[in-house]
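In: Have a look at this fold, sequence not included:
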């Protein structure tokens with residue numbers, strides 16, 4: 001089994017910054033991708049940023065230039081540095097990872113419990 005634990009959410013004023021962290025632990029052989037998604041009240045969950053094992057990173061258009069995703073492969077951790085935050089960034093943020101495990105060998109996607117980000121105007 002694999003666990004994803006997020007941290008770093010909170011309340012911030014518009015224009016401020018926050019850094020989210022997600023640590024993956026458990027039966028991990030390798031991680032294909034790690035990503036952050038968000039879900040605002042009354043809206044569908046959307047992909048915010050994703051980084052793959054090859055090192056490529058992609059962002060939603062709405063956060064390009066403001067959010068930066070980084071990954072520590074040794075620690076199985078991904079960080080989302082969020083700057084110039086806007087009220088519309090308010091959402092629950094979820095970490096997601098695609099993981100290869102051993103004993104048994106399998107590939108599965110996992111989700112964290114989420115961390116709340118609130119941006120006040």
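Out: Nice, I can see it. No experiment lies behind these values; they were computed from the predicted model shown.
In: Please count neighbours and contacts with C-alpha atoms only from this point.
Out: OK.
In: Tell me which residues touch the residue most central in space within the chain, please.
Out: Note on the chain: the residue nearest the mean C-alpha position is residue 36, at 2.6 Å, using Cα atoms, centre = their mean. For residue 36, the contact set (Cα atoms under 8 Å, 6 or more residues apart in numbering) comprises 47-50, 80, 93-96.
In: any idea which of the residues you listed has the most stuff around it?
Out: Highest neighbour count within the contacts of residue 36: residue 95, with 31 neighbours (other Cα atoms under 10 Å).
In: Within the sheet, what are the partner strands of the strand or helix carrying that one, with directions?
Out: Secondary structure from DSSP states H and E places residue 95 in strand 91-101. Paired neighbours of strand 91-101 in the sheet (DSSP bridges): strand 30-39 (antiparallel), strand 106-111 (antiparallel), strand 115-120 (antiparallel).
In: Let's test this: mean pLDDT of the first one, rounded?
Out: Going back to what we said before, that points to strand 30-39. Throughout strand 30-39, pLDDT has a mean value of 97.
In: Report all helices and strands that the next helix or strand after it contacts.
Out: For strand 30-39, the following helix or strand on the C-terminal side (DSSP H and E) is strand 46-52. Strand 46-52 sits against strand 30-39, strand 57-59, strand 67-72, with contacts defined as 3 or more Cα pairs under 8 Å, 6 or more residues apart in numbering; DSSP states H and E.
In: at 6 Å what do you get?
Out: With contacts taken as 3 or more Cα pairs under 6 Å, 6 or more residues apart in numbering; DSSP states H and E, strand 46-52 sits against strand 30-39, strand 57-59.
In: How much space separates the nearest residue to residue 83 once chain neighbours are set aside from residue 72?
Out: Once flanking residues are discounted, residue 83 sits nearest to residue 17: 4.3 Å by Cα to Cα, 6 or more residues apart in numbering. With the distance defined as Cα to Cα, to the nearest Å, residue 17 ends up 20 Å from residue 72.
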